[in-house]
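A.B. asks: All I have is the shape, not the residue letters:
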């Protein structure tokens, strides 16, 4: 069974339409697949603040998301988290690391998200998610993912200090041009997977997202990765950072692209 969990509280949002984007994707999933979403958090305006401010402000939402994902996993279900920002992973990925110690995390993102408070040049919380989950700094929301279980897919905008941290930790990085379903499946081996996606991993123009970077992956590549794994090997999915356009038609088109990419997940019996 798939549990739809929807983040609606501000978690370091710097763009104003990310919470709306998560809500629109969730409503479309409810309509297409007959799911009933569990909504966590209360919307708040975007703010261009430092992680030292945004992290404590997001505490209530992060705790709620961690609880929702934990309950889903404990029930033997597959959580599908639709989030406004990748920063929500600070609370949810430690659950995956703890509950599924044999699983690999596919962190599909244009960026490394491997800066720490000591290396960040922007102060953006979202740029320190994977490093926090791997225990390079203490977010207060857990860790536990060993770097050898993290596979960074589609990353192409990595700071120099961040690159050194990734190299030292031993995180496998698969650039967009090499991110075929076969390459990713080979990297995972026989392990189950937890898939985390930031839509900025896509070539700009596919799905509106914040912090887009040229030379990205295609929607067909993302769908092929889902198709590469039997549904029973996908233990959890997180999708984030859809910056909903103001034009409803454009928004509906982008949501349709999102739903098509993750459609293979619903081939499972639920």
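C.D. replies: Alright, I've got the coordinates. On a predicted model such as this, the values are computed, not experimentally measured, just so you know.
A.B. asks: can you tell me which residues contact residue 38?
C.D. replies: 3-6, 68 (Cβ atoms under 8 Å, 6 or more residues apart in numbering). Yep, even glycine has a C-beta here, placed from its N, CA and C like the rest.
A.B. asks: try residue 134
C.D. replies: 114, 143, 145-147, 150, 169, 171.
A.B. asks: Repeat the analysis, applying 6 Å as the threshold.
C.D. replies: Counting by Cβ atoms under 6 Å, 6 or more residues apart in numbering, residue 134 makes contact with 145, 147.
A.B. asks: what's the answer for residue 188, then?
C.D. replies: So residue 188 contacts residue 104 (Cβ under 6 Å, 6+ apart).
A.B. asks: The same query, at a cut-off of 7 Å, please.
C.D. replies: Taking Cβ atoms under 7 Å, 6 or more residues apart in numbering, we find residue 188 in contact with 104, 151.
A.B. asks: And for residue 37?
C.D. replies: 4, 6, 26, 30.
A.B. asks: Please narrow the residues you listed to those residing in strands.
C.D. replies: Within the contacts of residue 37, residues falling in strands by DSSP state E are 4, 6.
A.B. asks: Is it possible to mark the buried ones in the contacts of residue 37?
C.D. replies: Using 16 or more other Cβ atoms under 10 Å as the burial test, the contacts of residue 37 include 4, 6, 26 as buried.
A.B. asks: quick one, helices of the chain?
C.D. replies: 18-33, 51-57, 59-74, 89-99, 129-133, 160-169, 181-188, 219-227, 248-262 (DSSP state H).
A.B. asks: tell me what the fifth one is packed against?
C.D. replies: Contact partners of helix 129-133 among helices and strands, from 3 or more Cβ pairs under 7 Å, 6 or more residues apart in numbering; DSSP states H and E: helix 89-99.
A.B. asks: Name the residues of the helix it packs on that are buried.
C.D. replies: For helix 89-99, by 16+ other Cβ under 10 Å, it's 89-97, 99.
A.B. asks: Need the max-distance pair from those.
C.D. replies: 90 and 99 (16.2 Å; Cβ to Cβ).
A.B. asks: State the distance from residue 215 to residue 177.
C.D. replies: 8 Å (Cβ to Cβ, to the nearest Å).
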